[in-house]
Every structure is written in structure tokens, then in C-alpha cells.
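A.B. asks: what follows is a predicted protein model with its sequence.
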Amino acid sequence: MDMHKPIINIKNLAKEYYFSSTVIRALNKVSIKINRGEFSILCGPSGSGKTTLLNLLGLIDLPTQGSILLDGKNTEKLNRVQRADFRLNNIGFIFQKYYLLDELNAVENVFLPALAKEGHSARLVKKAENILELVGLKDRVKHKPKYLSEGEKQRVAVARSLINEPAILLCDEPTASLDADNSKVILDLLAKINKESFATVFLVTHDERQLKYGDKVIQIIDGEIVSN
Ligand SMILES: Nc1ncnc2c1ncn2[C@@H]1O[C@H](COP(=O)(O)OP(=O)(O)OP(=O)(O)O)[C@@H](O)[C@H]1O
Ligand SMILES: [Mg+2]
């Protein structure tokens, strides 16, 4: 781990979607550098390319042009299996929709992303319980999603994103389904995680009240970065 290199280094990124016979240029000439431990906020209008950028950063999708270096590693060179592996070990995701599994209780949802890596163990369950305690859900460990409030569900999703101790936390409008109070709880939590675990947080938001949480605010319009 090199503390001085940017943990995220996006160079001249473009993404085109081919839809029936048209080409949609969702990102154009996007270059961004983010240092380790920074809390960055990406904001821009609907359709401006925010989710597209996050999916590329999370190695969920591939760019049409340009490169993404994560922790100094050129992700272009990774094959499909290596990308999945890198993602599992280095990147946590939080989405607007929580994507919790209904049949699993809170603690099971939280340790699920670690099962493939290390298998089930008492130690893993304990770790998941500790993270649920960190997000204020110590007494909701055995609850299935249908018995949780919206804010609690998102806190379970935050806990799940942390189970593999990611260096990078990608958050795509995590508070869009929440009221103001619950949104603040989630943002305060992300700020705390950012401070205490030194995870680099990259947050997409529409909510201007959240801009103050960012060390840096990046604005995107029509697929291009307009201020950084
Ligand atoms: N799979 C796809 N196929 C074709 N076009 C797509 C696809 N995904 C996104 N787009 C288009 O790319 C552009 C950027 O979409 P994107 O989802 O990144 O926007 P966004 O900034 O996240 O918007 P929102 O704030 O509404 O979530 C839009 O014009 C969208 O219609
Ligand atoms: Mg989006």
C-alpha cells in the first residue's frame, strides 16, 4: 500500500452505451484523482453519468476508453475473475435500494459477502455482530428485513459493505429512499467510518445538505466533470 499515490486515479474515461441503433455517450473525458482517506461527493443532474461512473469505478462495468487505477493497479489489465476478486477485497457498495436478502436476518446479510472468501465461522459471525453494533443495530441482529425500518435496512446495508474491510466505499444515493433524519444518521455514519477506518468514501448525492460532508465535491453535467 502506497500512502502517497492517489487511491483512485481515473484518466480520460469515456463510456458509450449502444442502444438499438443509437450511441449514448454517458461519460466523456473524465479524469479524477482521489487521495486515500478522502470523502468525495459526486453530484449532478439525473442522467449526467453518476451511476455509470460508479459502476466503472466498482469494476462492475468496463469503460469504452480511458483507464482506472485503483491503489496504483491498472484495472484494465485484470481479467473477469481478477476483477471480481479485486472488487470483493477492496470495494464496498451501498445503493439506494438496499438489496438485502429477505430470507436472511440482519447478521446473515452482513456476513454474506465474506462467506465466499473465508467460509462460515463463529469469528465471522462475531465480526458481523460487531459491525451491526457500530451502526447502532446491536438489538436487531436476528431481524429479517421485513421487520426493520427503512433507515435500519440501510444501516444493515452499510454494515454489509464493511464486512470485507474495503479501502474504497462507493455509495450511490444511499439516502434517496430515506427521510431527513435517517439520511443524517447514514451520512454521520459514513463520516465516522471515513474517519475511523480511513476508508475512502465516494458518495453520489442529489441532496445539497450533504455537500458539507465532502472533503471534495465533484460536479458532473452531461457526462463531463465541470468542477473538481
Ligand atoms: N445500460 C444502459 N444502456 C443505455 N443507456 C444507458 C444505460 N445506463 C445508462 N444509460 C444512459 O446513460 C446516461 C447516464 O446514466 P446514469 O445512470 O449514469 O445517470 P445518473 O447520473 O446516475 O442519473 P440519476 O441521478 O437519475 O441516477 C443516461 O442518459 C442514461 O439514459
Ligand atoms: Mg444514478
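C.D. replies: On my side now, so go ahead. Ligands and ions are numbered 1, 2, ... in the order given.
A.B. asks: the helix or strand hosting residue 203 vs ligand 2: in contact?
C.D. replies: Assigned by DSSP states H and E, residue 203 belongs to strand 200-204. No - contact of strand 200-204 with ligand 2 (C-beta under 5 Å from the ion) is absent, the minimum separation being 6.6 Å. To be clear about C-beta, it is placed using only N, CA and C from the backbone, and glycine gets the same treatment.
A.B. asks: I'd like the next helix or strand past that strand.
C.D. replies: Following strand 200-204 in sequence, per DSSP H and E, is strand 216-221.
A.B. asks: doesn't residue 111 fall inside a helix?
C.D. replies: Yes - assessed by DSSP: H, G, I helix; E, B strand; the rest coil, residue 111 belongs to a helix.
A.B. asks: once you drop chain neighbours, what's closest to it?
C.D. replies: Spatial nearest neighbour of residue 111, chain neighbours left out: residue 128 (4.0 Å); criterion: C-beta to C-beta, 6 or more residues apart in numbering.
A.B. asks: now the strands for the protein?
C.D. replies: 8-19, 22-34, 39-43, 65-70, 73-74, 91-95, 168-172, 200-204, 216-221, 224-227 (DSSP state E).
A.B. asks: list the buried residues of the first one.
C.D. replies: Think strand 8-19. Neighbour counts over strand 8-19 (16 or more other C-beta atoms under 10 Å) mark 8-11, 13, 15 as buried.
A.B. asks: please list all residues in contact with the closest residue to ligand 2 within the chain.
C.D. replies: Nearest residue of the chain to ligand 2, counting by C-beta to the ion: residue 51, 3.2 Å away. For residue 51, the contact set (C-beta atoms under 8 Å, 6 or more residues apart in numbering) comprises 172, 204.
A.B. asks: ok, 6 Å please
C.D. replies: residue 172 (C-beta atoms under 6 Å, 6 or more residues apart in numbering).
A.B. asks: same list (the strands of the chain) but as JSON lines, adding mean pLDDT and distance to ligand 1.
C.D. replies: Shown next, in JSON lines, are the strands of the chain (pLDDT from 0 to 100; distance: least, C-beta to the nearest ligand atom, whole Å):
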{"stretch": "strand 8-19", "mean pLDDT": "96", "distance to ligand 1": "3"}
{"stretch": "strand 22-34", "mean pLDDT": "97", "distance to ligand 1": "4"}
{"stretch": "strand 39-43", "mean pLDDT": "97", "distance to ligand 1": "9"}
{"stretch": "strand 65-70", "mean pLDDT": "97", "distance to ligand 1": "15"}
{"stretch": "strand 73-74", "mean pLDDT": "94", "distance to ligand 1": "23"}
{"stretch": "strand 91-95", "mean pLDDT": "96", "distance to ligand 1": "11"}
{"stretch": "strand 168-172", "mean pLDDT": "97", "distance to ligand 1": "7"}
{"stretch": "strand 200-204", "mean pLDDT": "98", "distance to ligand 1": "7"}
{"stretch": "strand 216-221", "mean pLDDT": "96", "distance to ligand 1": "7"}
{"stretch": "strand 224-227", "mean pLDDT": "93", "distance to ligand 1": "12"}
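A.B. asks: just those: most buried one?
C.D. replies: strand 200-204 (a mean of 25; mean count of other C-beta atoms under 10 Å).
A.B. asks: strand partners of that one, parallel vs antiparallel please.
C.D. replies: With DSSP bridges as the test, strand 200-204 is paired with strand 39-43 (parallel), strand 168-172 (parallel).
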